[in-house]
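Asks: Here's a sequence, model it:
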Amino acid sequence: MFDKCPGAANIRTTTIKIKKCPECGREVEIFSTDIKVNCGNCGFTVYNDLESCIQWCKCAKECVGEELYKKLKKKKIAFVCIENSCRSQIAEALAKKLCDKPYLEFVSAGTQPASETDRRALEILREEKVIWSGKPKSLSEVGDVDIIVTMGCEIACPTIPEAKIVNWDIQDPKGEDIKEYRRTVDIIKEKISELLKEETASK
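Replies: Predicted coordinates for the structure are as follows:
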């Protein structure tokens, strides 16, 4: 038995809200504890909160208006190289450390992903006070992206419709001594700083 109300005991009562399906217009019931629910009429995914709607719903801009959409929509930036084991992993890790903008999201991928992240890349990230556990993955695994930053693919770089392409052309330090890795980190940090300035100015 509680000696005070459930709310005071930090227990939240599940509630139901009614949302309109952007696809077919039918009313959809969604529990406050749910992130999303499928419309029982057409199967369209209806999200519980505004931020999730804006990130994932194809009707978000029309529903909330362009001004609010631009303000809250996150921009996904993908750092891409061949194996996603060294340069792009370093870039993703450092971008996440250096960026304080909630509307920017960073991922990394490879056109031919390796089986594991380069050991020296992890070592150099530890020097930067970053404990990293990222694993190599393909571009298809990171979903839709807004900007592709190629690290220097040495092959035909990937294209995604409507995604902006930025070419950094950074030499791969893999197999070199630790000094070359440190030089690569310095270059990547400088380029990330420039990228963040550009994206902040365009917001």
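
Asks: Could you pull out the strands in this structure for me?
Replies: 16-20, 27-31, 36-38, 45-47, 75-81, 104-110, 147-150, 164-167 (DSSP state E).

Asks: per the record, what domains does this protein have?
Replies: 16-71, 74-202 (automatic domain parsing).

Asks: Looking at this structure, which helix is longest?
Replies: helix 178-202 (DSSP state H).

Asks: coming back round to it: now render the strands of the chain as a markdown table, adding distance to residue 180 and mean pLDDT.
Replies: (Glycine included, C-beta is placed from N, CA and C.) Output for these, formatted as a markdown table (distance: least, Cβ to Cβ, whole Å; pLDDT from 0 to 100):
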| stretch | distance to residue 180 | mean pLDDT |
| --- | --- | --- |
| strand 16-20 | 54 | 88 |
| strand 27-31 | 53 | 91 |
| strand 36-38 | 46 | 91 |
| strand 45-47 | 46 | 88 |
| strand 75-81 | 15 | 93 |
| strand 104-110 | 20 | 94 |
| strand 147-150 | 20 | 93 |
| strand 164-167 | 21 | 91 |
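
Asks: Could you list the low-pLDDT ranges of the protein?
Replies: Scanning the chain for pLDDT under 70 picks out 1-12, 153-159, 203.

Asks: Distance-wise, check the residue most central in space within it relative to residue 126.
Replies: Nearest to the geometric centre of the chain sits residue 105, at 3.5 Å (Cα atoms, centre = their mean). According to Cβ to Cβ, to the nearest Å, residue 105 and residue 126 sit 24 Å apart.

Asks: Check residue 181 too.
Replies: 11 Å.

Asks: Ranking the domains of the chain by mean neighbour count, which comes first?
Replies: domain 74-202 (a mean of 17; mean count of other Cβ atoms under 10 Å).

Asks: What separates the first and last residues of that one, distance-wise?
Replies: Domain 74-202 stretches 13 Å from its first residue to its last (Cα to Cα, to the nearest Å).

Asks: picking up where we left off before, what's the residue nearest to the centre of the chain in contact with, if anything?
Replies: 74, 75, 76, 77 (Cβ atoms under 8 Å, 6 or more residues apart in numbering).

Asks: of all those residues, which two lie farthest apart?
Replies: 74 and 77 (9.9 Å; Cβ to Cβ).

Asks: Mind listing the shared neighbours of those two?
Replies: 104, 105.

Asks: Is it correct that residue 171 is in contact with residue 151?
Replies: No. If you go by Cβ atoms under 8 Å, residue 171 and residue 151 don't touch, sitting 9.3 Å apart.

Asks: What lies in contact with stretch 189-200?
Replies: By Cβ under 8 Å, 6+ apart, stretch 189-200 touches 75, 77, 91, 94-95, 98-99, 101, 104, 149, 166, 168, 170.

Asks: Now those residues in JSON lines, please, with extra columns for distance to residue 46.
Replies: Formatted as JSON lines, those follow (distance: Cβ to Cβ, whole Å):
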{"residue": "75", "distance to residue 46": "24"}
{"residue": "77", "distance to residue 46": "28"}
{"residue": "91", "distance to residue 46": "35"}
{"residue": "94", "distance to residue 46": "37"}
{"residue": "95", "distance to residue 46": "32"}
{"residue": "98", "distance to residue 46": "36"}
{"residue": "99", "distance to residue 46": "30"}
{"residue": "101", "distance to residue 46": "28"}
{"residue": "104", "distance to residue 46": "26"}
{"residue": "149", "distance to residue 46": "33"}
{"residue": "166", "distance to residue 46": "35"}
{"residue": "168", "distance to residue 46": "39"}
{"residue": "170", "distance to residue 46": "42"}
